[in-house]
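> heads up, no residue letters with this:
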């Protein structure tokens, strides 16, 4: 069906540790120091790698990291998923059960209401189509971006929460069933059985012939080999990992309750760095030049340099309730569900 007639256009401008008292006898002091050192070493060895890394984290790199360009752009009620295409930014709208198409050259928005199922949660572009999972409907909608027409509605499970693309498929995580399903792009058919992952999968992304899934309720990341469609490793991360993105040869995970971002090395499946960020980091975005983290609790965006694993400059004020970040079309785009807007950030060197 054609959606051109149903569309409407909106435009906008864009304390150090306490020491114990020294024993009165020198021998006791030496013995106590030796035992204490051994205990410290045991504790360090037994702690998760990311906690040890956090204590030695260097200060942010100097200089500005980016600036907000123009005013927030009104897109739709309850923007959830966001993805850059070849020419436009595509955004899902929870309230409108639709998709908003943002032209970054004119800051003009075209809203397509009612084209997807109830509570669209994410969005992806793959195989020349736009793919939208709808959590309450249990479906994925495939949209032709040229004619703005719905091509297919695919039933995938109870509560599809996120979607990611590999070279020949899209992969959909179901937060109620704790599974991932695969849809082959050419046939738009489900392939194989659902793959069991961790509890409440929240984000999914592709890197190194694998799909990586953050599991918010059991604090893990699952790695799925796309050839065998099996989980080949489960990696312990921080508290409530929501956002997961891939870029600069690494997997980046935002832990909402820890206020940290972890870097996972896909060669070893190990956390190699923990980076403190702002308050309640959400769904981050990454490319080869930067990792951008929306901090919903303090309304800022943090930029991480993947070459040094360090925060660059001061946090960028982006408004209350920032939720999702994507990088593309020469900018960084941040959703603000509370007021139905998107903020554009220009990266600075």
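Cool, the structure landed. Note that this is a predicted model, so its numbers are computed, not measured. Numbers count the residues shown, from 1 in each chain.

> the spatially closest residue to residue 98 that is not a sequence neighbour: neighbour count?
Counting by CB to CB, 6 or more residues apart in numbering, residue 98 lies nearest to residue 113, which is 4.0 Å off, once chain neighbours are set aside. Just so you know, the C-beta spots here come from the backbone N, C-alpha and C atoms, and that holds for glycine as well. For residue 113, the count of nearby residues is 18 (other CB atoms under 10 Å).

> what do you get for residue 270?
14.

> ok, the residue nearest to residue 98 touching residue 94?
No: using CB atoms under 8 Å, residue 113 makes no contact with residue 94, being 11.6 Å away.

> which helix or strand lies directly C-terminal to whatever helix or strand residue 153 lives in?
Element membership of residue 153 [criterion: DSSP states H and E] is strand 149-155. On the C-terminal side of strand 149-155, the nearest following helix or strand under DSSP H and E is strand 160-166.

> quick one: low-confidence parts of the stretch 201-349 of the chain?
Applying pLDDT under 70 to the stretch 201-349 of the chain flags no residue at all.

> can we see that at 80?
Low-confidence segments of the stretch 201-349 of the chain, defined by pLDDT under 80, span residues 349.

> could you pull out the helices for it?
In order along the chain, the stretch 201-349 of the chain carries no helices (DSSP state H, counting those that start in this stretch).

> cool, and the stretch 1-150 of the chain?
26-46, 49-55.

> could you tell me the least trusted of those helices?
Looking over the helices of the stretch 1-150 of the chain, mean pLDDT reaches its minimum on helix 26-46, with a mean of 35.

> if we look at the strand holding residue 153, which residues are touching it?
With CB atoms under 8 Å, 6 or more residues apart in numbering as the test, strand 149-155 has contacts from 1-3, 115, 117, 129, 138-144, 183, 188, 190.

> in strands, which of those residues appear?
129, 139-144, 183, 190 (DSSP state E).

> which of these are buried?
129, 139-143, 183, 190 (16 or more other CB atoms under 10 Å).

> residue 246: which of those residues is nearest?
Among those, residue 183 lies closest to residue 246 (CB to CB), at 19.6 Å.
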